[in-house]
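S.K.: Pasting the sequence and the predicted model now:
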Amino acid sequence: MTSSPTPPPASSDASAHRRPLRRLTARGRDEVHRAATPLELFFDLCFVVAIAQAGFQLVHAIAEAHAGEGILNYAMVFFAIWWAWMNFTWFASAYDNDDALYRVVTLVQIAGVLLLAAGVSRAFEAHDFLLVWLGYVVMRLAMATQWLRAARSAEGAERTTALRYAGGVLLCQVGWTGLVLFPAPARPWVFLVMVIVELCVPVYAERARPTTWHPHHIAERYGLFTIIVLGETIAAATVAVKTGVDENDALGELLPIAAGGLLIVFSAWWIYFVVPIHGRLRSSREAFVWGYGHYLIFASAAAIGAGLEVAVEQTVGKAHISTLSASAAVTLPTALYLLTVWALHSRHFKVGIAQQLVLPTAALLVICCTFLRDWAVLAAGIVSALAVVTGTTLTARLAARERRTQTGSPTG
């Protein structure tokens, strides 16, 4: 997943770009105005269905006092969702030629996503991963097809990279069969082993020759997916609050949760997009750490929405858990989100110990808010908002000092 300069696709003739089938050649890393395509946006939106299903099942598990099992199943299913999305995203950044076959294969991948989403409830409730596995078969066969197309048009080390990706994808899919064939107690171990193997495939493949993904395009794609996940969080929480008000006439009790949840989501958006990250996506280490680390960002962002639903259900008496547990369902993923965004994004742009400590301190305070029980969500929202205000103020003060230094004005 590292980038290296390569020439743009060989054929730039307008008539060539109108042909329904074209060679799948690497795109140039230095293309200007590289933006997400309508097909990529459609691809992302279809993942909302799978994310919503995973979140719904997590809510049900926590509300029924099966948090440990629910979190484990959520981690497994969300990895499958995120990894399929990420494989396509990085490939498309390097090889998207937008011809008819590329579009058809991508639409087949979307069909696999929807099949996976249909199997999420059975995976949670009965540990039956058959539909999830079948959805993955569809997506991974399509992904391998794309890499084989790229290999056919490439030579030398670039061809080796593409073949390594195709072979790795297919071999890993064989390994995932263990989720269907092995007994339930062994499946978490199968999952753990296969996660490690999957994460190693890009590292191994890119050693032959780095693919030519576009830093700005990748940063935009990850940002758009973050917005989609946060949007799903708002939608889930809104529906939960509306249902609670309609069925239980509990507006007064739910207002603190609604207000706190809104502050958390608004702050989450602000914190993620406060700095442009594409300038740091230049080296192999940065690319892998940043790309893989987003599993925690996406999973925690979606879990915030599930936690807000749990808090609503507990408030209206539908959840069989304590107020403390319901509060933790919101505060813990919020704290994880703050820490992960700081580690992957913010710390690279913070100057001085005060700026560096804003998000880690906010994460610690959010966890402490758990013990405020009925007011925990609102308090966590206020802490998150204050983190935004504090960070913005410190940045503004630093900029003002730099301007005074440049102009020679007095600082007193």
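M.R.: Right, received. Where do you want to start?

S.K.: which helices and strands sit right next to the strand or helix carrying Thr161?
M.R.: Using DSSP states H and E, Thr161 maps to helix 156-176. Secondary structure elements in contact with helix 156-176, counted by 3 or more Cβ pairs under 8 Å, 6 or more residues apart in numbering; DSSP states H and E, are helix 130-153, helix 187-205. (Each C-beta comes from the backbone N, C-alpha and C, glycine too.)

S.K.: deepest of these, which one?
M.R.: The highest mean neighbour count among the helices and strands packed on helix 156-176, using mean count of other Cβ atoms under 10 Å, belongs to helix 130-153: a mean of 20.

S.K.: Send me that helix as CSV with only the CA atoms.
M.R.: Backbone C-alpha positions of helix 130-153 (Å, rounded to 0.1, in the frame of the first residue of the first chain) are rendered in CSV as follows:
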residue,chain,number,x,y,z
LEU,A,130,-22.6,-19.6,6.1
LEU,A,131,-24.2,-16.5,4.5
VAL,A,132,-21.4,-14.3,5.6
TRP,A,133,-18.9,-16.7,4.1
LEU,A,134,-20.8,-16.9,0.9
GLY,A,135,-20.9,-13.1,0.6
TYR,A,136,-17.2,-13.1,1.1
VAL,A,137,-16.7,-15.7,-1.6
VAL,A,138,-18.5,-13.5,-4.0
MET,A,139,-16.5,-10.4,-3.0
ARG,A,140,-13.2,-12.1,-2.9
LEU,A,141,-13.6,-13.9,-6.3
ALA,A,142,-14.4,-10.6,-7.8
MET,A,143,-11.4,-8.9,-6.2
ALA,A,144,-9.1,-11.7,-7.4
THR,A,145,-10.5,-11.2,-10.9
GLN,A,146,-9.6,-7.5,-10.8
TRP,A,147,-6.0,-8.3,-9.7
LEU,A,148,-5.7,-10.9,-12.5
ARG,A,149,-6.8,-8.3,-15.0
ALA,A,150,-4.2,-6.0,-13.6
ALA,A,151,-1.5,-8.7,-13.9
ARG,A,152,-2.4,-9.4,-17.5
SER,A,153,-1.7,-5.8,-18.4
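
S.K.: what angle sits between that helix and helix 156-176?
M.R.: With axes from the mean of the first three to the mean of the last three Cα atoms, to 10 degrees applied, the angle from helix 130-153 to helix 156-176 works out at 170 degrees.

S.K.: elements contacting helix 130-153?
M.R.: Taking 3+ Cβ pairs under 8 Å, 6+ apart as contact, the helices and strands that helix 130-153 lies on are helix 67-95, helix 100-118, helix 120-126, helix 156-176, helix 178-181.

S.K.: Quick one: mean pLDDT for it?
M.R.: Per-residue confidence for helix 130-153 averages out to 93 on the pLDDT scale.

S.K.: What of stretch 92-102?
M.R.: The average of the pLDDT scores along stretch 92-102 is 91.

S.K.: which sections of the stretch 251-400 of the chain are below the confidence cut-off?
M.R.: When the per-residue scores of the stretch 251-400 of the chain are filtered using pLDDT under 70, the ranges that remain are 279, 283-284.

S.K.: ok, which stretches of it are helices?
M.R.: Assignment of helices within the stretch 251-400 of the chain using DSSP state H, counting those that start in this stretch yields the ranges 251-273, 284-315, 323-344, 352-369, 376-407.

S.K.: closest to His214 out of those helices?
M.R.: The minimum distance between His214 and the helices of the stretch 251-400 of the chain falls on helix 284-315, with 11.9 Å, by Cβ to Cβ.

S.K.: Name the residues of the closest one that come out as buried.
M.R.: Buried positions in helix 284-315, judged by neighbour count with 16 or more other Cβ atoms under 10 Å: 286-288, 290-292, 294-315.

S.K.: Enumerate the positions of the longest helix along the chain that are buried.
M.R.: Counting residues, the longest helix found in the chain (DSSP state H) is helix 215-248. Taking 16+ other Cβ under 10 Å as the neighbour-count basis, helix 215-248 is seen to contain the buried residues 215-226, 228-234, 236-237, 240-241, 243-245.

S.K.: Quick one: work out the angle between it and helix 251-273.
M.R.: If you take the same axes, to 10 degrees, helix 215-248 sits at 180 degrees to helix 251-273.

S.K.: Could you check how far helix 215-248 is from the centre of its chain?
M.R.: How far helix 215-248 lies from its chain's middle: 12 Å, per Cα atoms, centre = their mean, to the nearest Å.

S.K.: Kindly report the same for stretch 278-293.
M.R.: 15 Å.

S.K.: which residues sit against that stretch?
M.R.: With Cβ atoms under 8 Å, 6 or more residues apart in numbering as the contact definition, stretch 278-293 has outside contacts at 1-3, 86, 90, 199, 202-203, 206, 210, 213, 215-216, 218-220, 222, 277, 340, 343-344, 348.

S.K.: give the contact list for the residue most central in space within the chain.
M.R.: The residue at the geometric middle of the chain, judged as the C-alpha nearest the mean C-alpha position with Cα atoms, centre = their mean, is Phe298 (3.2 Å). In this structure, Phe298 makes contact with Phe78, Trp82, Phe225, Thr226, Val229, judged by Cβ under 8 Å, 6+ apart.

S.K.: For Arg347, which non-adjacent residue is closest in space?
M.R.: Counting by Cβ to Cβ, 6 or more residues apart in numbering, the nearest residue to Arg347 once its immediate chain neighbours are dropped is Gln356, at 6.2 Å.

S.K.: correct me, but that neighbour touches Lys350?
M.R.: Yes - assessed by Cβ atoms under 8 Å, Gln356 is found in contact with Lys350 at 4.6 Å.

S.K.: how much space between Arg397 and Arg404?
M.R.: Taken as Cβ to Cβ, to the nearest Å, the spacing of Arg397 relative to Arg404 amounts to 11 Å.

S.K.: Let me fix that, I meant to ask about Arg347.
M.R.: Taking Cβ to Cβ as the measure, Arg347 and Arg404 are separated by 26 Å.

S.K.: swap in Ser322?
M.R.: In this view, Ser322 and Arg404 are 53 Å apart by Cβ to Cβ.
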